[in-house]
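Asker: Build the 3D model from these lines:
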Amino acid sequence: MGVNLHDKVSPCLFFIKFLLTSVSHSIFVSQIPDYTMKRSVMILFGLLNFIFAKSQSIYDSYPVYKGNDLGLTYSKKQSTFRIWAPTAEKVQLIFYNRGDDHIDTGLFDMDKGADGTWVKKIARDLEGKFYVFKVQVNGKWLNEVPDPYAKAVGINGKRALVVDRKNTNPPGWEKDKSPVFKNKTDAILYELHVRDASINENAGIKNRGKYLGLTETGTKNQDGLSTGLDHIKELGVTHVHLLPVYDFYSIDESKLDKPQYNWGYDPVNYNVPDGSFSTNPYDGVTRIKEFKQMVQAFHQNGLRVVMDVVYNHTRLTEESNFNQLVPGYYYRQTADGKFSNATACGNETASERYMMRKFMLESVLYWVKEYHIDGFRFDLMGVHDIETMNLISKELHKIKPDILLYGEGWTAGSSPFPDSLRAIKKYAYKLDRIAVFSDDIRDGIKGSVFEHTDKGFVSGKPGMEESIKFGIVASCKHPQVDYAKVNYSKAPYSAQPWNTITYCECHDNHVLWDKLAISASTIKESSRIQMQMLALSIVLTSQGIPFLHAGTEFLRTKKGVENSFESPDSINAIDWSLKTANPYLVDYVRKLIRMRKDHPAFRMTTASQIEKEINFLHNQPNGIIAYTINGVNLKDSWKKIIVFLNGTMGRRTVTLPAGKWKTAIWDNYFGNGVDMEGKFYLDSFSCTVLFQE
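Answerer: Numbers count the residues shown, from 1 in each chain. Predicted structure coming up:
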């Protein structure tokens, strides 16, 4: 018989639960007149909350499985199915001929295996069969689900599929290699949604909205300018960051003829590509092969591939694949036993528990080994514990030393797991070769994402200089940054520059062009274009790892929609006619990227270099940031570099350090090395870069 371990919680813990849930301690505390005693009581309640939350680690008493064969182990002669379900009393393995029919073609009782697992071996070739599992817990049969380790699924991911993975490889897959990549700060990231890239007719792409659309070359817009893969390659970025491409919930793959859209942050099957981007979602092999073709095409064109992954929550909670096999285990709980919700999506996963940690690790390893993925962006990484993230980094770096790992160093709500143990921005320095996004420079550049009309440095808001300087040094320690004046962080949090993702926009919130249109609505459009150029200049000349949102190089707009996660193509699709309308900006961003690649001074690899070689020039006019970089010690062909950033409306007079300087960029324009010395003018909302050879 299975045992419900919740029934064995000690009477002491029941008392704590009663105290926490039955007494309104906020009212109780408010009645205490003495502040010191009130604070002590609040600390006590916090401690009791933590103790009870830790009591939920009763899940830690479950047996754990340390083998590497969970899920399906396939061969022509035999298939072995193994799932982990330690609280189950019985487990059934059920087969179907299709991914969407209702008549099963075989039902097998599974046998108890080692350490909470259940096993079934079937000695024949099962290729092409669909299967699910069903467990009985406390006398109740739960829903049938594919197990979390499923590597192939049918329509809408309802059933797992037996495949011979050799048959999912496109021609030449065994020879596929990632482009050469050395230092993490050499990366230039380009965030892209698969559908957005090609769904617009003016993309000139045949396989619109599909993985294969990003394999096509020679595609052009109506004016003959490159689109899709060719455009990305010409731009010069190093990594394409794909918004979620694993199997997610919100798109009905059986109705792709009807308008549907979603970013995909609602995971169902973590180890399978989503079928909505394939040409045939009913065929479990097609989505795998076409995804590999896309990765292969990127690699052949000098681009590496980053996957956006969402291990912090699942789309479903009680009915998720995880919860239908081992109720409660994979999720954190609050003091009163409910699902905790630091993700604002109804649940948060418990990465600190052995089998969830194991799942995350084995999942990312699988994507790297099977799909040749070059990096991962972890959604709401602040939900995960530092120990798990560092283990993932350690194991991934063993098999791919140049893997790129980064994530959001925050949550969307409070978590019962202690802050000090989670991968939040404050503790970025504890992360092993993992970067966090810098919301400090993001909002320093354009203004708060939560206050739509708030301006930033590039749109003329006073007092943002220290936040920009903090971003320029990639959140590392620097003696010339006044941390008291930084917008959010009052101390450096990055141990090294590769700890920081430097950006000013992403899929979340308003795109940069829309944010400027809202916050600087009274300023003429030509000046807002200069603001956009200044913003991108800051991102691509600052230290750390720069990150661009697709289309920003030609003023992509989402027509003012802030959160377009399920908006139609009319809002999300990249409009490739904008490339024709803004050729100067496209060329400017391409040249910024080229300059960054050519000059190691803009991509230092250590915090000590940043502290030593960057010098901010004092006594500048308000709204002006100026700093020099000593290129000699960085083996840069430019021995000395000076960067001026003007975040104000109107010309400003500045003075150059002694000597003659050549212009690389002058007022958002790439010049031809004109000699400059003494005093000169900076135009409104502009970047100027000068150098000495």
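Asker: And the host helix or strand of Lys662, how far out from the chain middle?
Answerer: Assigned by DSSP states H and E, Lys662 falls within strand 661-665. Put simply, strand 661-665 sits 36 Å off its chain's centre (Cα atoms, centre = their mean, to the nearest Å).
Asker: what's that strand packed up against?
Answerer: Contact analysis of strand 661-665 by 3 or more Cβ pairs under 8 Å, 6 or more residues apart in numbering; DSSP states H and E lists strand 675-676, strand 686-692 as its packing neighbours. Bear in mind the C-beta positions are built from the backbone N, C-alpha and C, glycine included.
Asker: Lowest average pLDDT across those?
Answerer: Here the lowest mean pLDDT among these goes to strand 675-676, at a mean of 91.
Asker: circling back to that earlier point, model confidence over the strand holding Lys662, on average?
Answerer: Averaging the model's pLDDT scores along strand 661-665 yields 96.
Asker: Going by neighbour count, list what's buried in that strand.
Answerer: Applying a neighbour-count criterion of 16 or more other Cβ atoms under 10 Å, one finds Trp661, Lys662, Thr663, Ala664, Ile665 buried in strand 661-665.
Asker: what do you get for stretch 114-134?
Answerer: Using 16+ other Cβ under 10 Å as the burial criterion, the residues of stretch 114-134 that qualify are 116-120, 122, 126, 129-134.
Asker: quick check, nearest of the residues you listed to His618?
Answerer: Comparing the buried residues of stretch 114-134 against His618 with Cβ to Cβ places Gly116 closest, at 63.7 Å.
Asker: show me what contacts that closest one?
Answerer: Gly116 makes contact with Tyr62, Pro63, Val64, Tyr65, Trp84, Ala85, Pro86 under the criterion Cβ atoms under 8 Å, 6 or more residues apart in numbering.
Asker: For burial, what's the neighbour tally of the residue nearest to the first one when sequence neighbours are not counted?
Answerer: The shortest distance from Tyr62 to any residue that is not its chain neighbour, by Cβ to Cβ, 6 or more residues apart in numbering, is 4.7 Å, and that residue is Pro86. Around Pro86 there are 22 other residues, counting by other Cβ atoms under 10 Å.
Asker: what does Asn167 give?
Answerer: Other residues close to Asn167 by other Cβ under 10 Å number 10.
Asker: Which residue, neighbours along the chain excluded, lies closest to it?
Answerer: Nearest non-adjacent residue to Asn167, counting by Cβ to Cβ, 6+ apart: Val285, 6.2 Å away.
Asker: So that neighbour is in contact with Ala152, correct?
Answerer: Yes - Val285 lies in contact with Ala152 (Cβ atoms under 8 Å); the separation is 7.1 Å.
Asker: So for these two, which sits in the more crowded spot?
Answerer: Ala152 (26 against 18).
Asker: right, and that one touches Ala160 too?
Answerer: Yes - here Ala152 lies in contact with Ala160, judged by Cβ under 8 Å, at a distance of 6.7 Å.
Asker: quick one, phi/psi of Ala626?
Answerer: When quoted as degrees, to the nearest 10, the phi and psi of Ala626 stand at phi -140, psi 140.
Asker: Secondary structure element holding the closest residue to Leu235 other than its chain neighbours?
Answerer: With Cβ to Cβ, 6+ apart as the measure, Arg590 is the residue that lies nearest to Leu235, at 5.5 Å, once sequence neighbours are left out. Element membership for Arg590 (DSSP H and E) is helix 583-598.
Asker: what angle sits between that helix and strand 686-692?
Answerer: With axes from the mean of the first three to the mean of the last three Cα atoms, to 10 degrees as the basis, helix 583-598 and strand 686-692 are set at 40 degrees to each other.
Asker: At which residues are the strands of the stretch 251-400 of the chain located?
Answerer: Under the criterion DSSP state E, counting those that start in this stretch, the stretch 251-400 of the chain carries strands at the ranges 267-273, 304-309, 375-378.
Asker: for the stretch 501-650 of the chain, same thing?
Answerer: In the stretch 501-650 of the chain, the segments counted as strands under DSSP E, counting those that start in this stretch are 545-549, 614-616, 624-630, 640-646.
Asker: In a markdown table: those, plus distance to Leu555.
Answerer: As requested, the strands of the stretch 501-650 of the chain are exported to a markdown table (distance: least, Cβ to Cβ, whole Å):
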| stretch | distance to Leu555 |
| --- | --- |
| strand 545-549 | 12 |
| strand 614-616 | 31 |
| strand 624-630 | 24 |
| strand 640-646 | 20 |
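Asker: Redo those as JSON lines? Include distance to Gln222, mean neighbour count and mean pLDDT.
Answerer: Converted to JSON lines, these look like this (distance: least, Cβ to Cβ, whole Å; neighbours: other Cβ atoms under 10 Å; pLDDT from 0 to 100):
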{"stretch": "strand 545-549", "distance to Gln222": "23", "mean neighbour count": "25", "mean pLDDT": "98"}
{"stretch": "strand 614-616", "distance to Gln222": "45", "mean neighbour count": "19", "mean pLDDT": "98"}
{"stretch": "strand 624-630", "distance to Gln222": "40", "mean neighbour count": "20", "mean pLDDT": "98"}
{"stretch": "strand 640-646", "distance to Gln222": "36", "mean neighbour count": "24", "mean pLDDT": "98"}
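Asker: Assign a three-state SS to His185, would you?
Answerer: Let me fix one detail, which is that residue 185 is Thr and not His. Secondary structure state of Thr185, per DSSP: H, G, I helix; E, B strand; the rest coil, is helix.
Asker: was I right about it contacting Ala601?
Answerer: No - in terms of Cβ under 8 Å, Thr185 does not count as a neighbour of Ala601; the distance is 11.3 Å.
Asker: ok, these two, which is more surrounded?
Answerer: The neighbour count for Thr185 versus Ala601, taken as other Cβ under 10 Å, is higher for Ala601 (29 against 24).
Asker: For the more buried one, which residues are in contact?
Answerer: For Ala601, counting by Cβ under 8 Å, 6+ apart, the contacting residues are Glu613, Ile629, Gly631, Leu634, Asp636, Trp638, Ile641.
Asker: and if you look at Asp274?
Answerer: For Asp274, the set of contacting residues under the criterion of Cβ under 8 Å, 6+ apart consists of Pro244, Val245, Tyr246, Asp247, Phe248, Ile251, Gly264, Arg287.
Asker: Now do the residue nearest to Leu235 against Arg98, distance only.
Answerer: Using Cβ to Cβ, to the nearest Å, one gets 49 Å for the distance from Arg590 to Arg98.
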